[in-house]
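Novice: predicted model follows, preceded by the sequence.
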Amino acid sequence: MRILKYLLVLLCLQISFSQSFASEKLQLQKVTDNVYAIVGELGNRTPENLGNNATFGVVVTSEGVVLIDSGGTYKGAEVIHRLIKSITDVPISIVINTGGQDHRWLGNGYFKEQGAKLIASKKAVEDQKARTQDQFIMLGNLVGDEGLKGTDAVYAEQTFDDKLVLELGGVKFEIFHTGQAHTPGDSFVWLPQKDVMFTGDIVYTERMLRVGSHSNAKSWINVYESMADYKPGHIVPGHGQATDLATANADTYDYLLFLRESVSAFIENGGDITDISSVDQSKFNRLLNHETLAGRNAQQVFTEIEWE
């Protein structure tokens with residue numbers, strides 16, 4: 001019996017240490033009154049960050065908390081919730097998934113257990129369902145079986161086509177899906193009273209964005225412009241610290257324009273995809289992950305243009 005008690009205590013300490021370590025991988029950043037960014041690591045998903053390699057948004061109202069994106073795993077969602085509890089004891093009422101990437105929605109199961117309503121665009125849910133199996137395989141490899149434990153595919157019960165407006169505790173939320181960006185269902189969330197824009201994966205700062213097979217760089221530029229038209233004073237990006245529109249322009253918009261223009265010129269000059277690495281992207285070397293992503297991004301945009 002004494003040995004069993006010892007093992008149980010040891011297990012509890014191990015779980016507590018693991019969750020505390022994961023909490024250290026997230027940074028709480030105040031954006032304005034009752035609005036926060038939870039900033040994750042800029043690198044890949046790991047057993048230590050539990051898939052929370054992204055930025056999440058928190059809005060505290062008198063009637064509940066609205067969380068922008070639920071984290072990459074069930075355990076990752078628990079860590080996010082613990083951080084939120086450090087600033088308020090108000091329950092989480094609504095979770096908005098801004099897209100189909102794993103860190104935007106695979107924490108849904110945890111927050112649904114807490115009684116939160118889940119909201120996403122119809123295109124985001126379609127994308128999530130289409131890529132669920134692939135995302136679980138990827139996460140299993142990156143965060144491990146223990147990190148993935150408890151995670152289930154739980155989809156938003158409230159969906160919308162292009163726009164959804166809601167109000168909670170006197171705070172107005174305008175959610176827009178204007179087209180495909182990093183993923184087919186990407187949305188941005190505008191808080192006019194707070195002058196804050198939550199962009200999900202439409203905006204990357206500090207690190208290089210990824211143009212993947214589920215992305216469309218041309219449409220991404222248009223989506224970005226529809227977001228930027230609101231001229232937000234504060235931007236909470238999908239990756240990186242909360243920032244301003246000028247920084248978002250420099251790290252995301254300018255890079256997308258550069259990719260489309262430089263790869264188009266490369267093709268017009270007879271360039272072949274096998275030589276796409278010759279496109280000079282050194283002006284964006286300041287962005288983290290450029291060494292691994294720059295060539296792949298150019299290759300994906302080349303394929304995109306060829307099929308237009």
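Specialist: Noted; the coordinates are in hand. Residues are numbered from 1 along each chain as shown.
Novice: how long is stretch 231-248 end to end?
Specialist: 11 Å (CA to CA, to the nearest Å).
Novice: which residues touch that stretch?
Specialist: By CB atoms under 8 Å, 6 or more residues apart in numbering, the surrounding residues in contact with stretch 231-248 are 29, 31-32, 35, 37, 39-40, 42, 53-55, 57, 68, 98-99, 182, 190, 194-207, 209, 228, 251-252. (C-beta placed from N, C-alpha, C; glycine too.)
Novice: tell me which stretches of the stretch 1-150 of the chain form helices.
Specialist: 2-24, 74-85, 102-105, 108-113, 122-148 (DSSP state H, counting those that start in this stretch).
Novice: and the ones you listed, which one is worst for confidence?
Specialist: Mean pLDDT is lowest for helix 2-24 among the helices of the stretch 1-150 of the chain, at a mean of 48.
Novice: just checking, what packs against the longest strand seen in the chain?
Specialist: The residue-count maximum for a strand in the chain (DSSP state E) belongs to strand 196-204. Under the contact criterion of 3 or more CB pairs under 8 Å, 6 or more residues apart in numbering; DSSP states H and E, strand 196-204 touches strand 188-191, helix 217-228, strand 234-239.
Novice: rewinding a little: buried among the contacts of stretch 231-248? Make that a ChimeraX selection.
Specialist: This is how ChimeraX selects the buried members of the contacts of stretch 231-248, with burial counted by 16 or more other CB atoms under 10 Å:
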select :29,31,35,37,39,40,42,53,54,55,57,68,98,99,182,190,194,196,197,198,199,200,201,202,203,204,205,206,207,209,228,251,252
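Novice: surely residue 210 forms part of a helix?
Specialist: No. Per DSSP: H, G, I helix; E, B strand; the rest coil, residue 210 lies outside any helix segment and is coil.
Novice: surely it is in contact with residue 296?
Specialist: Yes. The criterion here is CB atoms under 8 Å, and residue 210 meets it with residue 296 at 7.4 Å.
Novice: between the two, which has more neighbouring residues?
Specialist: residue 210 (18 against 15; other CB atoms under 10 Å).
Novice: pull up the gap between the nearest residue to the more buried one once chain neighbours are set aside and residue 107, please.
Specialist: Nearest non-adjacent residue to residue 210, counting by CB to CB, 6 or more residues apart in numbering: residue 293, 5.5 Å away. Computed as CB to CB, to the nearest Å, the residue 293 to residue 107 distance reads 25 Å.
Novice: looking at the two, which is more packed in?
Specialist: residue 107 (32 against 20).
Novice: identify the residues contacting the more buried one.
Specialist: Applying CB under 8 Å, 6+ apart, the residues near residue 107 are 69-74, 76-77, 80, 151.
Novice: for residue 267, which three-state class applies?
Specialist: helix.
Novice: quick check, pLDDT for it.
Specialist: Note for residue 267: predicted pLDDT of 97.
Novice: residue 292 and residue 210, how far apart?
Specialist: Taking CB to CB as the measure, residue 292 falls 9 Å from residue 210.
Novice: which residues of this structure score low on pLDDT?
Specialist: 1-23 (pLDDT under 70).
Novice: quick check, central residue of it?
Specialist: In the chain, the centroid-proximal residue (CA atoms, centre = their mean) is residue 238; its distance is 4.2 Å.
Novice: with adjacent residues omitted, what lies nearest to it?
Specialist: Closest to residue 238 by CB to CB, 6+ apart is residue 201, at 3.9 Å.
Novice: so how far is residue 56 from the one you found?
Specialist: Residue 201 is 12 Å from residue 56, by CB to CB.
Novice: do the same with residue 268
Specialist: 41 Å.
Novice: the two: which is more packed in?
Specialist: Neighbours per residue, other CB under 10 Å: of residue 268 and residue 56, the larger number sits with residue 56, 30 against 9.
Novice: can you tell me the closest non-neighbouring residue to the more buried one?
Specialist: In space, residue 56 is closest to residue 38, 4.3 Å off (CB to CB, 6+ apart).
Novice: hang on, isn't the one you found packed against residue 27?
Specialist: Yes. Contact criterion CB under 8 Å: residue 38 and residue 27 qualify, at 7.3 Å.
Novice: more neighbours, the two?
Specialist: Per other CB under 10 Å, whichever of residue 38 and residue 27 has more neighbours is residue 38, with 24 against 13.
Novice: residues contacting the more buried one?
Specialist: If you count contacts by CB under 8 Å, 6+ apart, then residue 38 has 26-29, 55-58, 80, 83-84 around it.
Novice: in the sheet, who's paired with it?
Specialist: residue 28, residue 56 (DSSP bridges).
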